[in-house]
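K.L.:
coords please:
(one chain, ligands or ions: 1)
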Amino acid sequence: MADDADVIVVGGGLAGLVAATEIADAGKRVIVVDQEGEQSLGGQAFWSFGGLFLVDSPEQRRLGIKDSFDLALQDWMGTAGFDRDDDHWPKRWAEAYVAFATNEKRDWLRAMGHRIFPVVGWAERGGYDAMGHGNSVPRFHVTWGTGPGIVEPFERRAREAQKSGRLTFKFRHRVDALSISNGAVDGVSGAILEPTSVERGQSSSRTIVGDFTLRAPAVIVASGGIGGNHDLVRQNWPKRLGEPPKHMISGVPEHVDGRMIGITEAAGARLINRDRMWHYVEGIRNWSPIWPRHGIRILPGPSSMWFDATGKRLPAPLFPGSDTLGQLHYIMSTGYDYSWFVLTQSIIKKEFALSGSEQNPDLTGKSWRMTIKRATNKGAPAPVEAFKQHGADFIVRDNLEDLVSAMNALSGDNLLKPEHIKAQIEARDREMANPYVKDAQVMNIHNARRYIGDRLIRTAKPHRILDPEQGPLIAVKLNILTRKTLGGFETDLDSRVFGNDGQIIKGLYAAGEAAGFGGGGVHGYRSLEGTFLGGCLFSGRNAGRAAAKAV
Ligand SMILES: Cc1cc2nc3c(=O)[nH]c(=O)nc-3n(C[C@H](O)[C@H](O)[C@H](O)COP(=O)(O)OP(=O)(O)OC[C@H]3O[C@@H](n4cnc5c(N)ncnc54)[C@H](O)[C@@H]3O)c2cc1C
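P.N.:
Residues are numbered from 1 along each chain as shown. From the prediction side, this is the model:
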């Protein structure tokens, strides 16, 4: 049987698009198959905030941030905590990826027209020691145009290749099996799904109207993770985090179904680190959902007070924006799968950002006029205000007693004692009189404000939570929100997949979230953030270049 292409890419998300454009640019013929309709091209990346981990960038330098490959690698290793035999390739990918983020990533993207918002964000700040988890310095570079701005250069390149006949898209083609001849993967087969007119990101029908088989000497699996499939998330939930949460919301569309992972495993591919995942603890139910159980992650600044379901303040250093996995671990240990932020209007206005392209019309729409309002506006950005008004998890009250009573009513658990919450807030508020104090969260706030980017748009002027001038008071019920799959198919640096016998499976490559963003888990246990899109860029590029060379 003749080949239909030189390479087949399964998945038209960011990793698949990057791989496919590299293949086409190398003069080879590539087919991209995706189970969704054309309107969802770009997958999760379109919905993303477009945050990118970059090291020693001109944006950092302009803000006075001194960063380096060595500092970033120290942070990466302290965060990843690689501790398994299976971490051989993930660790090699991590070293290569930090080098890519230091030396190449920004220039490579810039040459394709990608641009960056000048204020660099500071995610996952840690709070342990220099070798522990977290970013020592701000490194979260937001794409000007957010998610669509990161998809755009690759979609443009793909459309050009499509015009020249080197790239073919096959939408509504769902791969159900990989074909293998003489030990080598040489094609895919599956179902053709009925056409769909749903909006981007909405769930589409799974009604089958035909079948297909395609042949090529190389197949790249770039099918994303498992975050949209809560059954799979629960099945893979690590024992070290206790029982899986009973209630979760989804930070990804339903097509992030993990199905192709099982199909690739069935072909003999070796999946490693399946118990490593990156879910958020600051999820809020979307009052205007696009996909089922749609939740949004709050990207919090450092000042909100954080209480567990029983009303106890989270221990140091589990402050907003410090250690996502540590917070998840702590919250699951309370026996409840939710927690609370308590804050003021002054804090929400300056410190709440919502992750997602549709929640940031200023940055997504590339409007300087709207973006500048982040620093000057009297209220919070419009999407945050909309959540405050319509969001099921938001409570706004003028006094603490009413606030706590509404919190008890919302959870239905009646666990919060007003005097307990009040005593903790008052104690924290007494620490506001001096800039040198013992409360570690308050120290953090002062530290954050020494960075100009935080002072400008991310950290409110220190104030008492119970100061009526800063009010009203706000409580937000925080849910666990599924998002990223950190484990994946074990690959070498050319993204070639290993089989269960430890040998490379000829013809098979994996990239993006399906490959644990590189090697089967480039992040180890934790992420420094902005590393997922970058992992798709790097592993997609390596897979595309290697496959094009091999065929
Ligand atoms: C709201 C949001 C905000 C985010 N913000 C950031 C951020 O700021 N920074 C960052 O680094 N990361 C961020 N991320 C994460 C990042 O966007 C994703 O990890 C990344 O885009 C995954 O890309 P992918 O190509 O690996 O997979 P996907 O985007 O999931 O694409 C996989 C594609 O494969 C298709 N597919 C799956 N199975 C099959 C099959 N059997 N047959 C055919 N097709 C199939 C799917 O339909 C899909 O189109 C965010 C994600 C979301 C949702």
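K.L.:
starting at the chain centroid, how far to the longest strand anywhere in the chain?
P.N.:
The single longest strand within the chain, with elements called by DSSP state E, is strand 473-485. For strand 473-485, the separation from the chain centroid amounts to 14 Å (computed by C-alpha atoms, centre = their mean, to the nearest Å).
K.L.:
which helices and strands does it pack with?
P.N.:
Packing contacts for strand 473-485, counted by 3 or more C-beta pairs under 8 Å, 6 or more residues apart in numbering; DSSP states H and E, involve strand 249-250, strand 277-285, strand 295-299, strand 338-344, helix 345-351, strand 394-397, helix 400-411. Placement of C-beta: from N, CA and C, glycine included.
K.L.:
Parallel or antiparallel, list what pairs with the third one.
P.N.:
Strand 295-299 has its sheet partners listed here by DSSP bridges as strand 277-285 (antiparallel), strand 353-354 (antiparallel).
K.L.:
ranking these by mean pLDDT, which is last?
P.N.:
Least confident of those, judged by mean pLDDT, is strand 353-354 with a mean of 94.
K.L.:
Distance of the closest residue to G50 other than its chain neighbours relative to the ligand?
P.N.:
Once flanking residues are discounted, G50 sits nearest to T143: 3.1 Å by C-beta to C-beta, 6 or more residues apart in numbering. Per C-beta to the nearest ligand atom, to the nearest Å, T143 is found 8 Å from the ligand.
K.L.:
quick one: T143 and M112 touch, right?
P.N.:
No - look at T143 against M112 with C-beta atoms under 8 Å: they stay out of range, at 11.9 Å.
K.L.:
more neighbours, the two?
P.N.:
Using other C-beta atoms under 10 Å as the criterion, T143 and M112 rank with T143 on top: 28 against 12.
K.L.:
Give the bridge partners for that one, please.
P.N.:
Counting by DSSP bridges, T143 forms beta bridges with I116.
K.L.:
of the helices and strands packed on strand 473-485, which approaches P148 most closely?
P.N.:
Among the helices and strands packed on strand 473-485, strand 295-299 comes nearest to P148, with 17.1 Å by C-beta to C-beta.
K.L.:
how about stretch 438-446: buried residues?
P.N.:
Within stretch 438-446, the residues that qualify as buried by neighbour count (16 or more other C-beta atoms under 10 Å) are Q441, V442, M443, N444, I445.
K.L.:
wait, stretch 516-531
P.N.:
Neighbour-count burial for stretch 516-531, counted by 16+ other C-beta under 10 Å, picks out 516-531.
K.L.:
How about stretch 104-123?
P.N.:
Buried, per 16+ other C-beta under 10 Å, within stretch 104-123: K105, R106, L109, H114, I116, F117, V119, V120, G121, W122, A123.
K.L.:
Any chance of those in a markdown table with distance to the ligand and pLDDT as columns?
P.N.:
What follows is the buried residues of stretch 104-123, written out as a markdown table (distance: C-beta to the nearest ligand atom, whole Å; pLDDT from 0 to 100):
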| residue | distance to the ligand | pLDDT |
| --- | --- | --- |
| K105 | 12 | 98 |
| R106 | 14 | 98 |
| L109 | 13 | 98 |
| H114 | 14 | 98 |
| I116 | 12 | 98 |
| F117 | 12 | 96 |
| V119 | 15 | 96 |
| V120 | 13 | 98 |
| G121 | 9 | 97 |
| W122 | 14 | 97 |
| A123 | 9 | 97 |
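K.L.:
From these, which land in strands?
P.N.:
Judged by DSSP E, strands contain none of these.
K.L.:
Of those, which belong to helices?
P.N.:
Per DSSP state H, helices hold the following members of those: K105, R106, L109.
K.L.:
one step back: just want the angle from the longest strand of the chain to strand 295-299.
P.N.:
Interaxial angle of strand 473-485 relative to strand 295-299 (axes from the mean of the first three to the mean of the last three C-alpha atoms, to 10 degrees): 110 degrees.
K.L.:
in its sheet, what does strand 473-485 sit against?
P.N.:
Under the criterion DSSP bridges, strand 473-485 sits next to strand 249-250 (parallel), strand 277-285 (antiparallel), strand 338-344 (antiparallel), strand 394-397 (antiparallel) in its sheet.
K.L.:
and of those, who's closest to L508?
P.N.:
The closest of the strands paired with strand 473-485 to L508 is strand 277-285. By C-beta to C-beta, the value is 23.6 Å.
K.L.:
check whether the closest one contacts the ligand.
P.N.:
No - judged by C-beta under 6 Å from any ligand atom, strand 277-285 stays clear of the ligand, getting no closer than 9.1 Å.
K.L.:
Run the chain-centre distance for that strand.
P.N.:
The chain centre lies 10 Å from the centre of strand 277-285; the measure is C-alpha atoms, centre = their mean.
K.L.:
Just the buried positions in that strand, please.
P.N.:
Buried residues in strand 277-285, counted by 16+ other C-beta under 10 Å: M277, W278, H279, Y280, V281, E282, G283, I284, R285.
K.L.:
Helix or strand for the closest residue to P435 other than its chain neighbours, just tell me which one.
P.N.:
Among residues not flanking P435 along the chain, H446 sits closest, at 5.5 Å (C-beta to C-beta, 6+ apart). Per DSSP states H and E, H446 falls inside helix 440-448.
K.L.:
cool, R450 as well?
P.N.:
Counting by DSSP H and E, R450 is found in no helix or strand.
K.L.:
gap between it and M305?
P.N.:
21 Å (C-beta to C-beta, to the nearest Å).
K.L.:
So which of the two has more stuff around it?
P.N.:
More crowded of R450 and M305, by other C-beta under 10 Å: M305, with 22 against 9.
K.L.:
beta partners for the more buried one?
P.N.:
As for beta bridges, M305 partners with V342 under DSSP bridges.
K.L.:
ok, so what distance separates it from A511?
P.N.:
According to C-beta to C-beta, M305 and A511 sit 41 Å apart.
K.L.:
Can you tell me which residue of the stretch 201-350 of the chain sits closest to the ligand?
P.N.:
The nearest approach of the stretch 201-350 of the chain to the ligand comes at G224, 2.4 Å away (C-beta to the nearest ligand atom).
K.L.:
Double-check that residue against E254; I have them as touching.
P.N.:
No - when contacts are counted by C-beta under 8 Å, G224 is not listed as touching E254 (11.2 Å).
K.L.:
Looking at these two, which has the bigger crowd around it?
P.N.:
Ranked by neighbour count (other C-beta under 10 Å), G224 and E254 place G224 first, with 30 against 17.
K.L.:
So which residues on the stretch 1-150 of the chain come close to the ligand?
P.N.:
Selection of the stretch 1-150 of the chain residues close to the ligand by C-beta under 6 Å from any ligand atom yields 10-16, 33-36, 43-45, 47-51.
K.L.:
Check the stretch 451-551 of the chain too.
P.N.:
Residues of the stretch 451-551 of the chain lying near the ligand by C-beta under 6 Å from any ligand atom: K484, G512, E513, G530, T531, F532, L533, G534, C536.
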